[in-house]
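Asks: got a predicted structure plus its sequence, pasted below:
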Amino acid sequence: AQKVTQAQTEISVVEKEDVTLDCVYETRDTTYYLFWYKQPPSGELVFLIRRNSFDEQNEISGRYSWNFQKSTSSFNFTITASQVVDSAVYFCALSGGGANSKLTFGKGITLSVRP
Amino acid sequence: DTAVSQTPKYLVTQMGNDKSIKCEQNLGHDTMYWYKQDSKKFLKIMFSYNNKELIINETVPNRFSPKSPDKAHLNLHINSLELGDSAVYFCASSQWAGAFNQPQHFGDGTRLSIL
(Lines give C-alpha, C1' and ligand atoms only; values in the text may rest on other atoms or scores of the structure.)
Protein backbone atom coordinates (compact mmCIF):
# COMPACT_ATOMS: atom_id res chain seq x y z
CA ALA A 1 0.00 0.00 0.00
CA GLN A 2 1.13 3.52 -0.69
CA LYS A 3 1.01 6.33 1.77
CA VAL A 4 2.02 9.99 1.74
CA THR A 5 2.36 11.91 4.98
CA GLN A 6 2.49 15.66 5.13
CA ALA A 7 2.74 16.18 8.88
CA GLN A 8 2.59 19.97 8.72
CA THR A 9 -1.00 21.09 8.19
CA GLU A 10 -0.60 24.86 8.23
CA ILE A 11 2.47 27.08 7.98
CA SER A 12 2.53 30.85 8.24
CA VAL A 13 5.58 32.90 7.32
CA VAL A 14 6.42 36.50 6.61
CA GLU A 15 7.34 37.46 3.08
CA LYS A 16 11.00 36.84 2.17
CA GLU A 17 11.38 34.04 4.69
CA ASP A 18 12.47 30.63 3.46
CA VAL A 19 10.06 27.78 4.14
CA THR A 20 10.33 24.01 3.79
CA LEU A 21 7.33 21.76 3.26
CA ASP A 22 7.91 18.19 4.36
CA CYS A 23 6.75 15.05 2.61
CA VAL A 24 7.36 11.47 3.75
CA TYR A 25 6.18 8.53 1.71
CA GLU A 26 5.76 4.78 2.02
CA THR A 27 5.76 2.29 -0.82
CA ARG A 28 6.85 -1.25 -1.52
CA ASP A 29 7.57 -0.50 -5.17
CA THR A 30 11.18 -0.17 -6.25
CA THR A 31 10.13 2.09 -9.09
CA TYR A 32 7.90 4.95 -8.09
CA TYR A 33 7.25 8.60 -8.84
CA LEU A 34 6.85 11.59 -6.57
CA PHE A 35 5.02 14.79 -7.36
CA TRP A 36 4.25 18.18 -5.90
CA TYR A 37 1.10 20.10 -6.82
CA LYS A 38 0.04 23.62 -5.82
CA GLN A 39 -3.55 24.69 -5.20
CA PRO A 40 -3.81 28.50 -4.91
CA PRO A 41 -6.88 30.15 -3.36
CA SER A 42 -8.52 30.26 -6.80
CA GLY A 43 -8.83 26.48 -6.53
CA GLU A 44 -7.07 25.01 -9.55
CA LEU A 45 -4.38 22.35 -9.16
CA VAL A 46 -1.04 23.14 -10.72
CA PHE A 47 1.67 20.55 -11.38
CA LEU A 48 5.08 21.61 -10.02
CA ILE A 49 7.47 18.68 -10.30
CA ARG A 50 7.81 14.95 -10.90
CA ARG A 51 10.70 12.84 -9.63
CA ASN A 52 11.33 9.15 -10.27
CA SER A 53 12.83 6.86 -7.67
CA PHE A 54 16.09 6.41 -9.56
CA ASP A 55 16.90 10.08 -9.68
CA GLU A 56 17.99 11.46 -6.33
CA GLN A 57 19.46 14.65 -7.67
CA ASN A 58 18.05 17.75 -6.08
CA GLU A 59 16.23 20.11 -8.35
CA ILE A 60 16.05 23.87 -8.36
CA SER A 61 13.62 25.97 -10.32
CA GLY A 62 13.89 29.65 -9.52
CA ARG A 63 12.92 30.10 -5.87
CA TYR A 64 11.70 26.50 -5.63
CA SER A 65 13.92 23.55 -4.76
CA TRP A 66 13.26 19.93 -3.98
CA ASN A 67 15.28 17.54 -1.86
CA PHE A 68 14.68 13.85 -2.53
CA GLN A 69 16.25 11.42 -0.04
CA LYS A 70 15.48 7.73 -0.46
CA SER A 71 17.26 6.90 2.81
CA THR A 72 14.61 8.79 4.75
CA SER A 73 11.77 8.33 2.21
CA SER A 74 11.36 12.05 1.99
CA PHE A 75 10.74 14.52 -0.80
CA ASN A 76 10.82 17.97 0.74
CA PHE A 77 10.02 21.25 -0.99
CA THR A 78 11.70 24.54 -0.12
CA ILE A 79 10.57 27.97 -1.19
CA THR A 80 13.30 30.59 -0.88
CA ALA A 81 12.42 34.23 -0.25
CA SER A 82 8.70 33.46 -0.09
CA GLN A 83 6.19 35.81 -1.65
CA VAL A 84 2.50 36.45 -0.99
CA VAL A 85 1.68 34.71 -4.29
CA ASP A 86 3.13 31.50 -2.86
CA SER A 87 0.17 31.30 -0.48
CA ALA A 88 -1.58 28.06 -1.41
CA VAL A 89 -2.19 24.48 -0.40
CA TYR A 90 0.69 22.26 -1.47
CA PHE A 91 0.17 18.56 -2.10
CA CYS A 92 2.81 15.87 -2.27
CA ALA A 93 1.76 12.76 -4.21
CA LEU A 94 3.11 9.30 -4.99
CA SER A 95 2.53 6.90 -7.85
CA GLY A 96 3.88 3.37 -8.06
CA GLY A 97 5.65 2.08 -11.11
CA GLY A 98 3.28 -0.76 -11.87
CA ALA A 99 0.34 -0.66 -14.22
CA ASN A 100 -2.83 0.67 -12.58
CA SER A 101 -0.89 2.07 -9.65
CA LYS A 102 -2.89 5.15 -8.78
CA LEU A 103 -1.73 8.58 -7.63
CA THR A 104 -1.98 8.91 -3.87
CA PHE A 105 -2.05 12.41 -2.42
CA GLY A 106 -0.99 13.63 0.99
CA LYS A 107 -3.43 15.75 2.97
CA GLY A 108 -1.82 18.98 1.86
CA ILE A 109 -0.05 21.83 3.65
CA THR A 110 -1.67 25.26 3.76
CA LEU A 111 1.02 27.89 3.38
CA SER A 112 0.19 31.49 4.21
CA VAL A 113 2.74 34.15 3.34
CA ARG A 114 2.06 37.47 5.08
CA PRO A 115 3.31 40.76 3.67
CA ASP B 1 -6.29 27.91 -24.67
CA THR B 2 -7.85 25.90 -21.88
CA ALA B 3 -6.18 22.52 -21.57
CA VAL B 4 -8.65 20.68 -19.33
CA SER B 5 -12.06 22.29 -19.06
CA GLN B 6 -14.92 21.26 -16.83
CA THR B 7 -18.48 22.49 -16.81
CA PRO B 8 -20.21 23.70 -14.82
CA LYS B 9 -17.89 25.46 -12.38
CA TYR B 10 -20.58 25.58 -9.71
CA LEU B 11 -23.52 23.25 -9.23
CA VAL B 12 -26.12 23.80 -6.52
CA THR B 13 -28.94 21.30 -6.37
CA GLN B 14 -31.25 19.47 -4.04
CA MET B 15 -30.87 16.04 -2.52
CA GLY B 16 -32.27 13.31 -4.72
CA ASN B 17 -31.62 15.07 -8.01
CA ASP B 18 -29.48 13.71 -10.85
CA LYS B 19 -26.71 15.86 -12.29
CA SER B 20 -23.83 15.64 -14.76
CA ILE B 21 -20.40 17.25 -14.96
CA LYS B 22 -18.61 17.42 -18.28
CA CYS B 23 -14.88 17.37 -18.93
CA GLU B 24 -12.89 17.88 -22.09
CA GLN B 25 -9.14 18.01 -22.69
CA ASN B 26 -7.35 19.34 -25.76
CA LEU B 27 -3.88 18.08 -24.82
CA GLY B 28 -4.07 14.89 -26.87
CA HIS B 29 -3.75 12.79 -23.72
CA ASP B 30 -4.85 9.18 -23.56
CA THR B 31 -5.83 9.03 -19.91
CA MET B 32 -8.45 10.95 -17.97
CA TYR B 33 -9.45 10.96 -14.31
CA TRP B 34 -12.07 12.10 -11.85
CA TYR B 35 -11.03 13.12 -8.34
CA LYS B 36 -13.10 14.19 -5.36
CA GLN B 37 -11.78 16.83 -2.96
CA ASP B 38 -13.64 16.96 0.33
CA SER B 39 -14.12 19.86 2.70
CA LYS B 40 -10.76 19.12 4.35
CA LYS B 41 -9.03 19.40 0.97
CA PHE B 42 -8.30 15.69 0.78
CA LEU B 43 -7.99 14.52 -2.83
CA LYS B 44 -9.00 11.02 -3.80
CA ILE B 45 -9.15 9.28 -7.14
CA MET B 46 -12.58 8.10 -8.20
CA PHE B 47 -12.18 6.83 -11.75
CA SER B 48 -9.64 6.63 -14.51
CA TYR B 49 -10.10 5.92 -18.19
CA ASN B 50 -7.41 5.12 -20.70
CA ASN B 51 -8.43 5.56 -24.31
CA LYS B 52 -12.14 5.27 -23.38
CA GLU B 53 -11.62 2.14 -21.25
CA LEU B 54 -12.27 2.16 -17.51
CA ILE B 55 -9.09 1.15 -15.66
CA ILE B 56 -9.65 2.42 -12.14
CA ASN B 57 -12.93 2.37 -10.23
CA GLU B 58 -12.09 3.24 -6.69
CA THR B 59 -15.07 1.70 -4.84
CA VAL B 60 -17.23 4.65 -5.64
CA PRO B 61 -21.00 4.21 -5.06
CA ASN B 62 -22.72 3.07 -8.23
CA ARG B 63 -24.77 6.27 -8.18
CA PHE B 64 -21.68 7.71 -9.86
CA SER B 65 -21.32 6.70 -13.49
CA PRO B 66 -18.49 7.97 -15.67
CA LYS B 67 -18.79 7.96 -19.44
CA SER B 68 -16.04 8.47 -21.98
CA PRO B 69 -17.43 8.93 -25.50
CA ASP B 70 -13.90 9.48 -26.83
CA LYS B 71 -10.48 9.91 -25.32
CA ALA B 72 -10.83 13.69 -25.13
CA HIS B 73 -13.98 13.59 -23.00
CA LEU B 74 -14.85 12.10 -19.64
CA ASN B 75 -18.20 12.98 -18.14
CA LEU B 76 -19.50 12.17 -14.67
CA HIS B 77 -23.17 11.50 -14.01
CA ILE B 78 -24.44 11.34 -10.45
CA ASN B 79 -27.84 9.88 -9.57
CA SER B 80 -29.87 10.48 -6.42
CA LEU B 81 -27.52 13.09 -4.98
CA GLU B 82 -26.84 12.91 -1.25
CA LEU B 83 -25.56 15.50 1.22
CA GLY B 84 -22.22 13.69 1.41
CA ASP B 85 -21.66 14.24 -2.29
CA SER B 86 -20.98 17.92 -1.63
CA ALA B 87 -17.36 18.43 -2.68
CA VAL B 88 -15.17 19.79 -5.42
CA TYR B 89 -14.80 17.38 -8.31
CA PHE B 90 -11.69 17.63 -10.45
CA CYS B 91 -11.13 16.22 -13.88
CA ALA B 92 -7.55 15.57 -14.99
CA SER B 93 -5.69 14.11 -17.92
CA SER B 94 -2.22 12.76 -18.64
CA GLN B 95 -0.19 10.87 -21.15
CA TRP B 96 -0.27 7.12 -20.69
CA ALA B 97 3.07 5.41 -20.15
CA GLY B 98 1.80 2.08 -18.90
CA ALA B 99 1.26 3.45 -15.43
CA PHE B 100 0.07 6.53 -13.62
CA ASN B 101 3.44 8.18 -13.48
CA GLN B 102 2.95 11.04 -15.88
CA PRO B 103 2.12 14.54 -14.65
CA GLN B 104 -1.60 15.08 -14.50
CA HIS B 105 -3.14 18.30 -15.75
CA PHE B 106 -6.21 19.32 -13.81
CA GLY B 107 -9.31 21.25 -14.68
CA ASP B 108 -10.48 24.12 -12.47
CA GLY B 109 -12.89 21.92 -10.54
CA THR B 110 -16.65 21.79 -10.16
CA ARG B 111 -17.98 22.81 -6.75
CA LEU B 112 -21.06 20.70 -6.05
CA SER B 113 -23.30 21.81 -3.20
CA ILE B 114 -26.27 19.70 -2.14
CA LEU B 115 -29.07 21.49 -0.30
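Replies: In hand now; what should we look at?
Asks: which strand or helix spans the residue lying closest to A:Lys16 once chain neighbours are set aside?
Replies: Spatial nearest neighbour of A:Lys16, chain neighbours left out: A:Ala81 (5.2 Å); criterion: C-beta to C-beta, 6 or more residues apart in numbering or on different chains. All C-beta spots, glycine's among them, are computed from the backbone N, C-alpha and C. A:Ala81 is located outside every helix and strand, with elements delineated by DSSP states H and E.
Asks: how about the residues of chain A near chain B?
Replies: Selection of chain A residues close to chain B by C-beta under 8 Å from any C-beta of the partner chain yields A:32-33, A:35, A:37, A:39, A:42-47, A:50, A:52, A:89, A:91, A:95-103, A:105, A:107-108, A:110.
Asks: go ahead and build a PyMOL selection from the buried members of the residues you listed.
Replies: Of the residues of chain A next to chain B, the buried ones can be selected in PyMOL as follows, counting by 16 or more other C-beta atoms under 10 Å in any protein chain shown:
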select buried, chain A and resi 32+33+35+37+39+45+47+50+89+91+95+96+97+101+102+103+105+107+108
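Asks: who's in contact with A:Glu10?
Replies: Counting by C-beta atoms under 8 Å, 6 or more residues apart in numbering or on different chains, A:Glu10 touches A:109-112.
Asks: need phi/psi at B:Leu83.
Replies: phi -60, psi -40 (degrees, to the nearest 10).
Asks: could you report the neighbour count for it?
Replies: 9 (other C-beta atoms under 10 Å in any protein chain shown).
Asks: that one against B:Ile114, yeah?
Replies: Yes: using C-beta atoms under 8 Å, B:Leu83 is in contact with B:Ile114, at 5.2 Å.
Asks: and which of the contacts of A:Glu10 is nearest to chain B?
Replies: Nearest to chain B among the contacts of A:Glu10 is A:Thr110, at 7.8 Å by C-beta to the nearest C-beta.
Asks: given the lowest-mean-pLDDT helix or strand in chain A, what are its sheet partners and their directions?
Replies: Of all helical and strand segments in chain A, the minimum by mean pLDDT, DSSP states H and E falls on strand A:59-61, at a mean of 88. According to DSSP bridges, strand A:59-61 has the following sheet partners: strand A:64-69 (antiparallel).
Asks: what does the strand it pairs with rub up against?
Replies: With C-beta under 8 Å, 6+ apart as the criterion, strand A:64-69 contacts A:34, A:36, A:48-49, A:51, A:55-60, A:74-80.
Asks: hmm, 7 Å instead?
Replies: Counting contacts by C-beta atoms under 7 Å, 6 or more residues apart in numbering or on different chains, the residues outside strand A:64-69 that touch it are A:34, A:48-49, A:51, A:56, A:58-59, A:75-80.
Asks: list the buried residues in the helix or strand bottoming out on mean pLDDT in chain B.
Replies: None of the helices or strands of chain B scores lower by mean pLDDT, DSSP H and E than strand B:53-57, at a mean of 86. Buried positions in strand B:53-57, judged by neighbour count with 16+ other C-beta under 10 Å: B:55-56.
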